[in-house]
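*Asks:* please work out how this folds:
(one chain, ligands or ions: 1)
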Amino acid sequence: MSRLTAQLLDGKAVSQAIRSEIAHDVAALKRSAGVAPSLAAVLVGDDPASQVYVRNKIIACAEVGMRSVEVRLPPTATQDQLMARLRRLNEDPDVDGILVQLPLPPTLDRTAVILALDPAKDVDGLHPLNAGRLLMRLEAPVPCTPAGIVELLERYRLPIAGQHAVIVGRSEIVGRPLGILLLQRDATVTMCHSKTRELPVITRQADLLVAAIGRPAFIRAEHIREGATVIDVGVNRLGDARAAAALFGEDSPRVHQVRERGYTLVGDVHPREAAERAAHLTPVPGGIGPLTIACLLRNTLRAAQARRQAAVR
Ligand code: NDP
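*Replies:* Okay, here's the model as predicted:
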């Protein structure tokens, strides 16, 4: 059988299209309400990857005309200090959206933090009120990564209804809400996790395979049905040049990147093996990451529209 070469789904281009729509709506809100939406990004500690994510979100806000503030707390911050800071942001009339960059340092209670957020400002869609509203198909901020995945599939006109979607990973920010979104769009959804037996047997049944695991190149050829659509959510830092060469090829720029920068980003899907079996594949980087940010901007815009319009009434 001839080998397929997967079409790469360009998350960056789709995210640019979404961002232009948002920039347009931000300008309209500025004209009508006199003020741009504003996002507060809370970063606790000094995890380098989290610092990059927050910086990218701040830059993205500026690019669409939104305001943003980075709220930094030291790695030694206590739960009480973080909660007090969140209360102030909840009460600040000038803040429309709050995101707390995860993961938090292990000494802090993530659930308590999520419960403390004002649901109207919860632009990551993690508060139980918003998660419950999503389950009930009520208007709610949808967690950004799953929202971005659905948006990508829809803009590429890839079918969802009737497809067998297999999601590997059941986290509250990716796998679970994605399962709900796909089910609402009439996919048949199977959720897999670390206790799933015979994973490749299940994933090979997928028309649409989503990997949100956090393990570099975990999904191999044996997991993928020929012609499937493969969505790679994983973002892993690979610091070993030999491992990078095995994944991307000896002469790949990725190998030089590891030598020069110290790491390259790798998804949860083996890039070359997937490209040979899948019909559609998201790259890492440039796939789901940019879409996640675009959907965060959209949630912030919607939160601002709801608050500012309520204030006008
Ligand atoms: P979590 O660590 O919260 O969840 C990982 C999931 O993978 C769990 O459900 C776990 O199962 C499952 N898992 C772990 N090992 C296996 C295994 N051997 N076989 C099957 N399932 C397994 O991760 P997140 O959902 O937060 O993130 C997943 C990945 O996506 C990470 O690489 C992260 O960096 C990336 N990410 C990327 C984003 C983007 O914007 N592109 C946004 C968010 C995340 P169990 O529940 O049983 O433990």
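
*Asks:* name the residues of the top helix by length along the chain that are buried.
*Replies:* The longest helix of the chain (DSSP state H) is helix 288-312. By neighbour count on 16 or more other C-beta atoms under 10 Å, the buried set for helix 288-312 is 288-305, 307-308. No exception for glycine: its C-beta is placed from N, CA and C like everyone else's.

*Asks:* with adjacent residues omitted, what lies nearest to G234?
*Replies:* D268 (2.9 Å; C-beta to C-beta, 6 or more residues apart in numbering).

*Asks:* now that neighbour: how far from S32?
*Replies:* 43 Å (C-beta to C-beta, to the nearest Å).

*Asks:* any idea of the mean pLDDT in the longest helix of the chain?
*Replies:* Average pLDDT, helix 288-312: 92.

*Asks:* how about stretch 202-213?
*Replies:* Mean predicted confidence for stretch 202-213 is 98.

*Asks:* now do the buried residues in that stretch.
*Replies:* Using 16+ other C-beta under 10 Å as the burial criterion, the residues of stretch 202-213 that qualify are I202, T203, R204, A206, D207, L208, L209, V210, A211, A212, I213.

*Asks:* got the CA positions of that stretch in CSV?
*Replies:* Taking Å, rounded to 0.1, in the frame of the first residue of the first chain, the C-alpha atoms of stretch 202-213 are listed here in CSV:
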residue,chain,number,x,y,z
ILE,A,202,-8.3,1.3,20.7
THR,A,203,-6.5,4.2,19.1
ARG,A,204,-6.2,2.3,15.8
GLN,A,205,-10.0,2.5,15.6
ALA,A,206,-9.9,6.3,15.6
ASP,A,207,-11.0,8.4,12.7
LEU,A,208,-9.9,11.3,14.9
LEU,A,209,-7.1,10.7,17.3
VAL,A,210,-6.2,13.3,19.9
ALA,A,211,-3.1,12.9,22.1
ALA,A,212,-2.9,15.0,25.3
ILE,A,213,-0.6,13.0,27.4
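
*Asks:* other residues contacting it?
*Replies:* Stretch 202-213 has contacts (C-beta atoms under 8 Å, 6 or more residues apart in numbering) with 145, 149, 153, 158-160, 163-169, 171, 174-175, 178, 182, 187, 190, 192, 196, 218-219, 222-225, 228-234, 267-269, 278.

*Asks:* quick one: it near the ligand?
*Replies:* Yes: on the criterion C-beta under 6 Å from any ligand atom, stretch 202-213 is in touch with the ligand at A212, I213.

*Asks:* ok, back up a step: the buried residues of stretch 202-213 into JSON lines, with extra columns for secondary structure and distance to C61?
*Replies:* Formatted as JSON lines, the buried residues of stretch 202-213 follow (DSSP: H, G, I helix; E, B strand; the rest coil; distance: C-beta to C-beta, whole Å):
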{"residue": "I202", "secondary structure": "helix", "distance to C61": "40"}
{"residue": "T203", "secondary structure": "helix", "distance to C61": "37"}
{"residue": "R204", "secondary structure": "coil", "distance to C61": "41"}
{"residue": "A206", "secondary structure": "coil", "distance to C61": "35"}
{"residue": "D207", "secondary structure": "coil", "distance to C61": "36"}
{"residue": "L208", "secondary structure": "strand", "distance to C61": "31"}
{"residue": "L209", "secondary structure": "strand", "distance to C61": "32"}
{"residue": "V210", "secondary structure": "strand", "distance to C61": "27"}
{"residue": "A211", "secondary structure": "strand", "distance to C61": "29"}
{"residue": "A212", "secondary structure": "coil", "distance to C61": "25"}
{"residue": "I213", "secondary structure": "coil", "distance to C61": "29"}
